[in-house]
Structures are given as structure tokens and as C-alpha cells.
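Visitor: Coordinates for the following, if possible.
(chains A and B)
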Amino acid sequence: MTEPVLSIRNLRTVFHTDRETIRAVDGVSFDVDRGETVGIVGESGSGKSVTARSIMGLVDSPGEILPGSSIRFNGEELTDYTDAQYREIRGSGIGMVFQDPQKSLNPVYTVGNQIIEALGENQGLSGEEARKEAIELLEAVAIPDPPRRLNEYPHEFSGGMRQRAMIAMMLACDPEFLICDEPTTALDVTIEAQILELLQELQEERGLSILFITHDMGVIAEIADRVNVMYAGEIVESAPVEELFASPTHPYTEGLLEAIPGSQAGGEQLRTIDGDVPTPNEAATYCRFAPRCEHAFDACERVHPEHVEVGPEHTAACLLYPEEKSREERVEHHRTLAETEGDHE
Amino acid sequence: MSQATQRTEESDEEALIEVRSLEKYYGDDGMFSPPPVKAVDGVDLDIRRGETFGLVGESGSGKSTLGRTLVRLEQATAGTVSFDGTDITTLEGSDLKHWRRNAQIVFQDPESSLNDRMTVGEIVREPLDAHEEGTDRERRKRVMDLLSRVGLREEHYYRYPHQFSGGQRQRVGIARALALEPEFVVLDEPVSALDVSVQAKIITLLEDLQEEFDLTYLFIAHDLSVVRHICDRVAVMYLGKIMEMGETEELYEDPANPYTKSLLSAIPKPDPTDDSERITLPGTPPSPRDPPTGCQFSTRCPAKIRPDGFEEVSEETWDSIERFREIVRERTRVELGTIDRVKRRAGRFSKYDDIDETVEELFAGVEQPPVVDEHVTYAVEQVKAGHPQAARERLYEAFGSVCDRERPAHHQLGERGRESYCHRHREEYEDVDTAIRR
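Guide: This next block holds a predicted model:
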């Protein structure tokens, strides 16, 4: 088996405040294989965006990636990188598309200017050559009439068009890995469809690997090969997309899927999950979902659930599994796993 | 039996609100002003007592403006809105104030629709103060009561909005809207800013409140799955016009209008095994300042009717023609700076008049029969000479069909009040499905 493009082990990113330390990402591990799209899904506050920013080296003080975390990109350990090395990687290795294209484009330069700058920076192109390449990139992201669009400012672009321009700018760096942080959340559904289609096309053409972050289960079902469900800084379930939707095992995933309206025809009451996402401000020596979980029992408050296999390439972190064992055995199983694997001090 | 069908039967067709030929234009004041933005452009609809009427559309479709006009946050440009028999577009002074008790609104963004300097109690109490309802003590009691109805606690009275989560803030907004016991509430994207699990709670709350207080809702949303869950009937808007209207399940199961079809097919479904054909619409909605003369949707429609005489032209070529027309239209909308205007007038090359590259790319590998080529060549020359408007008119004359030239009628379909705004429903044309499948 070939090595994954991106391999994350026990990533812990914390934010220090005067009163407490927020464990925004708390022991996250996953891989992204070449040409694969991996989704991270979760609600606000689950730590999915901080995961993306940690990979990109965009976590600033008071945030900190704790020692012991590992982010390997093509075999290189990114957590040891200096700022200069990171800039290199951000330029050519990893590209990122953010939620709000309005904020990611500079309003006082034309779109062409910004793409040409990226081309100059990363591929050493300039003048007419760079302009030609910029036009080709705008064509690649299906912006009509590119020669004219090149001379326009971001405010003259519509929301979907701006997101396309952002993608074009990122392609100028010719990355092999793409992080998309809610790239379609601010867009209308017909435009969202266009952007998703575009990303899939680009992935096929250029063999990109994608890490796709969203809160929308529909979008995940559409685009991802593998899904990680995040809750309060931890991955609670991980599975191939079809497996996850066909047989969700973690109570949180189940709740999340049932809370989507319109999955059943009208009428029926939506299932809700009581309570709110907690702020992870102390070490996880228990299940963070337990207070909201209808299946919770007393051990859930004392033992931290570890990932156990519940299906083909399918793991969940919940004391209800492995299902074939008795409750006591399961609790003991998780306790032993926690002691051997995790150092949740 | 599902809740939705029950409600429809109870409401026995009696209309609480009748909207007729409603228009709302912006920027239509002054002789030299540019053409107005037609945010709502001739809307007719009835909202029945006790139902939840859904209004869906993309941003810029005019759905929020329509909602705001119904509660008189906007003054209609033309048309009538009759509420229980009274035309409310002409109400003034104390009549208007008195009527406002009947119609309230919940806004989309719970971050910006609550005053951060007032306590939650004061916010919910404000409408009662404004309308001088009862004594101080009674008002306070009413507020406490409202807070518990929407799932907040009495001690929240003294807290400030910033101490609450998004879902809780939206509950405050709902309590405020219900303070005066209105009959009609406009819900303007009430759950769009919330997480799925919070969203589900607010929707359930809205459903419970409707039953408890006999409310009539206008539910505005861009999220079609939420609408399907909560609404009895639904209208789909595009560029100020209602494209299709009907009972929710019927419309979702079997959309008739090409726009509704495309919109529904574009929703990403939470089912990875789903392989239903998706219609991806090209481009973006046109500028509401310069909408198409014919059907509002004609610039993106997958079922657009072709004019006579071009039956032999291939799909590919026709597609390129439509895209070329869109580019030329865009060119006519560009507002030139002074320097470019002077350059153009002096016959010197302006960067806005370069189109060769674009056309080359557009028609690369596409056959161009003489009937087409003649017009395209003429249009290209006009654009290069600095006359995009002339190019646009020529293309319209040559390739425009009934969809470009005439506004469709609202065709009645079936027995249950279904309406669709599309020329394809006329007998002489092929139906929508056949056209899309091609």
C-alpha cells in the first residue's frame, strides 16, 4: 500500500485564555490517500476548522499545537517546520479554499492582478506569459469571458464567481492537496452545485487529494469518499461514506442524520439532540457526548471511549461497542485501550 | 395522518392574506436615475388562515422583500395586500400602528436583530411598551410567560443577548414576535444561521407555537429541505416572480417548472447512493436592473424554446450561442470609467472591446453553420467597434425565441391550485420533461 498524502496522528491544538485552556482539537488522527476526498463533518465548535488551520500552519498565539502531535505531508513532519518552510508548502503543496471568498480576495487589486501575482510567486511567470496562464486558469474554473474578467475587481464578481476566482488562484500554485473549509456554505444551491462539480472535475484532471470540511451532510454524501465525524474536538466516528450513511453507529452521528429535515416526507417530528455542544476545556477522561446521549450509562462519565472497529474500515468511539461484548467487558476494553494508547493526562 | 395534511383540511381554503399584482421597485425616483431594481415584480398569492406558506428562492430572488412588504416594513410600489379584507398597503398613522399588532416578523440573523444593550426581558417587552399593553406588572408577567413558552427560563429576563447561543437568541426573537399575539408571522430564514441539531429544535418549537396560538406563517428560506418539512404550500421565486406554486408534497414530488426542477435537483442529498440525474444551471441570475424582456429564467433555462429556422443546429452550437449572448449582455452592463469612455469615443482601442480570444475559445471545435455564423460575425464586429448594445440587439433579433420576447402566463395545472410560469405549458410546445432530457 502506498503512503497516504497526509497523515495526522494525535493532533492536539489548544487555545490558552486567562481562565482556561480550550482543547479545540483533542487527539485527532486520520489519513488522506492520494486522489481521495476525505470529509470532516461537525457542528460549530466541533474543531473542524481548527484542524484545517493546524494543517496549514495557521494557528497563531494564543493557540498552540501541543508536542506529541504529528502532521505528516508526503512523509515530511510539518509540525517541525519554520514559517519560511511553511510558506513554501502553502505555495505549492497544499492549497486552501475558505468559506468567505469576499474576505480572502484583496478588494483593491483586480482579480487578474492577484492571480498573476500568485503565478509569479510560485511558477516564476510574468508579463504576457502570466496573463495567458491566468486566462487559462479562469477558463479552467469556468468563468465566462476571462480576458475581460481579468481586469475586474472582486466586488464586480458574484459570490460563486469569487469562489471560482479563489480556486483559480489556488490552482496557480499547482497544489497536490486541497483543503476546502466550507467552500459552498455562503452560496446558493444552484451555485453550490456548480462549485462541487468543478471541484470534482479538477480532482479528476489533476489527481488532487481533498480534505473537505462542512456541516452539511448532503454535501458530504455528494463529495466525500471517507467521512470523519467530529464532536467537541474529537473524531467520534470514521467510515467510508456509504457505510456511514447506511449504518451510523455513534449516537451523535445517528442524531445528526435524523435532525436533517426533509429526509422523510413532511409531517413527522424532527428528532432533536438535547443540549448544546460543550466547550472542551478539560482533559477527556469521559465521553463528551454523554450528557446529551440517550444511551448513556454511568461508565460514560468515567471512561474515555476509544475507537473500536464496528464494520469494514469503520470505527466509532463509544462505550456501546464492540456490540458482541457485555457491558462490563466493553467498559474494561475501552479502559485498557485508553491506558495503552492515549496519554490523556 | 401527517400533521401537514391535517392542517390543510382544517384551514378550509379561507384566505387570510390576498396579494394581488404586488410590485416593489427600488431606485425609481428621479428623472435621470438608472432603471429601477424590480425586487418584486408582479406577485399574486393567497395565504390561508392557519397554514404555513413557504417562499423559497436564491439570494436576490425578492423573497425577503416580499415578506417585508407583507408586514409593511417596505412600502409597496404598486398592487394590493389585503389582510382579512383590509388593504394594508394604504394604511397610515394610528390605523397602521393598530394593524401592526396582527403581523410580526422573525429575522434571519439572531446576532444582529437583537439590541445588545437591552436585557432579554426588555427586548421581549418592547412591543408591549410600544402598544401600551396593560400595567407594568402585567407586562412583566406576560414576558416571563413568553420566555417559558419558547423554552427559555425566567431568570433569563435579566441577561443580555451576548450571553446566549445562536439558538437561544433566535428563541428571544420568536418571543418578541409573539408578544402582541399576532395572527400572522413572517419567518425570514429563521434557522439558516443555526447548526442542524439546533435548527431541528427551533423548527419543532415553531410547529408547537403554531398549534398553540393558531398562527399563520410565511416561511422564507433558501433551504429547500426545511421548507419541505414545515410548509403546507410553497411558492418558488426567481428574480421577483413566482415561478411555481402548489402544495408542498405535490410540488416536491413532481415539479412542473424548469426552474423548480433544476433547483430541487441541485440540493445535495444526504444519501451517497443517490444517483438521480442532476441539472446544473449555467451562470448566475441576471441583474435585476436589466432583467430579460421575456421569461425571467430564460438566460439559464435548460428547457428554453428554440426559435423557428434553427432546428438543424446542433445542441453544442446552440449552447455556445446562448453563452455568447450572455457574454455580450454582460458587456452592455459594464459601466465604463471616464478614460475608457474617451478612448472608445476617440475610436482607440479600449480593453473592454477585446472579444476575439473569448469567441475563439467559445466556438472552438463547434461547427458554425452559415445561418449562425453571419450573425455572430456581425456581433463580434460591433463589440470590437465599441457598440455592445448593437451586438446584443442583433443577437436578440436573430436568435431570440418566445422565451426571450414574451412573459409567460401563470398556467393552472391540475385541480389543486398548482401554477407554473412557463411557455412550455402551452399546447404548441413540447413539454418540459422532453425538452430537458434532450
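Visitor: Please enumerate the helices of the stretch 101-250 of chain B.
Guide: Applying DSSP state H, counting those that start in this stretch to the stretch 101-250 of chain B gives helices spanning B:120-130, B:136-149, B:166-178, B:196-213, B:224-230, B:248-253.
Visitor: Out of those, which gets nearest to chain A?
Guide: helix B:224-230 (3.0 Å; CB to the nearest CB). C-beta: built from backbone N, CA, C; applies to glycine.
Visitor: So which residue is dead centre in chain A?
Guide: By CA atoms, centre = their mean, chain A has its centre lying nearest to A:Ile213, at 3.3 Å.
Visitor: for the stretch 201-345 of chain A, what spans make up the strands?
Guide: With DSSP state E, counting those that start in this stretch, the ranges of strands along the stretch 201-345 of chain A come out as A:209-214, A:226-231, A:234-240, A:307-311, A:314-317.
Visitor: Now distance to chain B too, for these, in CSV please.
Guide: Converted to CSV, the strands of the stretch 201-345 of chain A look like this (distance: least, CB to the nearest CB, whole Å):
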stretch, distance to chain B
strand A:209-214, 10
strand A:226-231, 9
strand A:234-240, 9
strand A:307-311, 15
strand A:314-317, 14
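Visitor: Throw the ones you listed into JSON lines and include mean pLDDT, thanks.
Guide: Formatted as JSON lines, the strands of the stretch 201-345 of chain A follow (pLDDT from 0 to 100):
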{"stretch": "strand A:209-214", "mean pLDDT": "95"}
{"stretch": "strand A:226-231", "mean pLDDT": "96"}
{"stretch": "strand A:234-240", "mean pLDDT": "96"}
{"stretch": "strand A:307-311", "mean pLDDT": "93"}
{"stretch": "strand A:314-317", "mean pLDDT": "95"}
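Visitor: A:Glu43 is nearest to which of those?
Guide: strand A:226-231 (7.8 Å; CB to CB).
Visitor: sorry, back to before: residues in contact with the residue nearest to the centre of chain A?
Guide: For A:Ile213, the contacting residues are A:39-41, A:48-49, A:51-52, A:179-182, by CB atoms under 8 Å, 6 or more residues apart in numbering or on different chains.
Visitor: Provide a list of residues in contact with the residue sitting furthest away from the middle of chain A.
Guide: Outermost residue of chain A with respect to the C-alpha centroid, by CA atoms, centre = their mean, is A:Glu128; its distance is 37.0 Å. Applying CB under 8 Å, 6+ apart to A:Glu128 gives no contacts.
Visitor: For chain A, just list every one of the helices.
Guide: Assigned by DSSP state H, chain A shows helices spanning A:48-56, A:83-92, A:101-104, A:111-123, A:127-140, A:146-149, A:159-171, A:189-206, A:217-223, A:241-246, A:251-258, A:327-340.
Visitor: who in the stretch 301-438 of chain B is up against chain A?
Guide: With CB under 8 Å from any CB of the partner chain as the criterion, the stretch 301-438 of chain B meets chain A at residues B:323, B:326-327, B:330-331, B:334, B:351-352, B:354-355, B:357-358, B:361.
Visitor: out of those, which are inside strands?
Guide: Among these, none falls in strands (DSSP state E).
Visitor: between the residues you listed, which is nearest B:Thr299?
Guide: B:Glu326 (6.1 Å).
Visitor: okay, the contacts of A:Ile213 in TSV with distance to chain B, neighbour count and pLDDT next?
Guide: Listed next are the contacts of A:Ile213 as TSV, based on distance: CB to the nearest CB, whole Å; neighbours: other CB atoms under 10 Å in any protein chain shown; pLDDT from 0 to 100:
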residue	distance to chain B	neighbour count	pLDDT
A:Gly39	10	26	96
A:Ile40	15	28	96
A:Val41	10	25	94
A:Lys48	12	27	91
A:Ser49	14	19	90
A:Thr51	17	28	94
A:Ala52	18	21	93
A:Ile179	19	25	94
A:Cys180	14	26	93
A:Asp181	16	21	92
A:Glu182	12	19	90
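Visitor: Sounds good, over and out.
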